[in-house]
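In: Coordinates for the following, if possible.
(one chain, ligands or ions: 1)
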Amino acid sequence: MKIYGTSGSRTSRNLWLAEELGLAYEHLPVAIRDVAGHPEITAINPARQIPVIDDDGVVVAESMAINLYLVAKHGGPLAPRDAAETGHIAQWTFWVVTHVEALALTVLGHRVFFPADRRDPAKADEAEAALARPLAVLEGALARGDGWLVGGRFTVADLNVAAIIAWLVASRADLAAFPNVAAWVRRCRGRDAAKKAQKLP
Ligand SMILES: N[C@@H](CCC(=O)N[C@@H](CS)C(=O)NCC(=O)O)C(=O)O
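Out: Prediction:
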């Protein structure tokens, strides 16, 4: 399997899962600025974006779809065990992409990622304030449950959601009002596979 994209992009969530699953893969760390003109990527992904994988001829784009594909193919404890878990893993994955990702990216961009002259602290603050509502949803779920989102164990739902919440940690967002989220994201990001993926180019 070839995984295209630098670990400093959304590809990081796919590299994290590949490490969790112990997969053999070739990592092609194409940088975000080089994606649009990269011949191999443009040949396989009409969106001309990373991440995209080529798994022995099965091409999948969209970072979250890639993760759902990989657990469907390889199984194991991170994968859903039944239809209910399939639904709940999809629920959390769609939820984080719909309600959290853009806001978290705005916080990350304006506090860390953009060059200093393009950062607007007010935009970061506004996005962080808007995140209070979805973060309360996550906090409630973690407080009511057993420390994980689905099935009483670390699954791809935790990975997909934590990969985005980690942007808030990197942005030094204030998670004091969400202690269960703060503890859970530390547990998720402290896993060996997460640390290994973060060190990739
Ligand atoms: N929804 C897509 C978003 C993909 C995306 O925006 N990729 C960015 C890097 S994280 C990219 O390729 N940017 C370069 C470009 O659009 O030219 C996913 O989750 O994979």
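In: ok, now how distant is the residue of the chain most remote from its centre from the ligand?
Out: Using CA atoms, centre = their mean, the residue of the chain lying farthest from its centre is residue 117. It sits 27.0 Å away. According to CB to the nearest ligand atom, to the nearest Å, residue 117 stands 21 Å off from the ligand. Placement of C-beta: from N, CA and C, glycine included.
In: Return the residues of this protein in contact with the ligand.
Out: For the chain, the contact set with the ligand under CB under 6 Å from any ligand atom comprises 9-10, 32, 35-36, 49-51, 62-64.
In: Same list (those residues) but as JSON lines, adding pLDDT and neighbour count.
Out: Shown next, in JSON lines, are the residues of the chain next to the ligand (pLDDT from 0 to 100; neighbours: other CB atoms under 10 Å):
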{"residue": "9", "pLDDT": "97", "neighbour count": "20"}
{"residue": "10", "pLDDT": "98", "neighbour count": "20"}
{"residue": "32", "pLDDT": "95", "neighbour count": "15"}
{"residue": "35", "pLDDT": "95", "neighbour count": "21"}
{"residue": "36", "pLDDT": "90", "neighbour count": "10"}
{"residue": "49", "pLDDT": "97", "neighbour count": "19"}
{"residue": "50", "pLDDT": "98", "neighbour count": "26"}
{"residue": "51", "pLDDT": "98", "neighbour count": "27"}
{"residue": "62", "pLDDT": "98", "neighbour count": "16"}
{"residue": "63", "pLDDT": "98", "neighbour count": "26"}
{"residue": "64", "pLDDT": "99", "neighbour count": "21"}
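In: Tell me which two of those residues sit farthest apart.
Out: 36 and 64 (21.5 Å; CB to CB).
In: re earlier: secondary structure class for the residue farthest from the centre of the chain?
Out: Three-state call for residue 117 (DSSP: H, G, I helix; E, B strand; the rest coil): helix.
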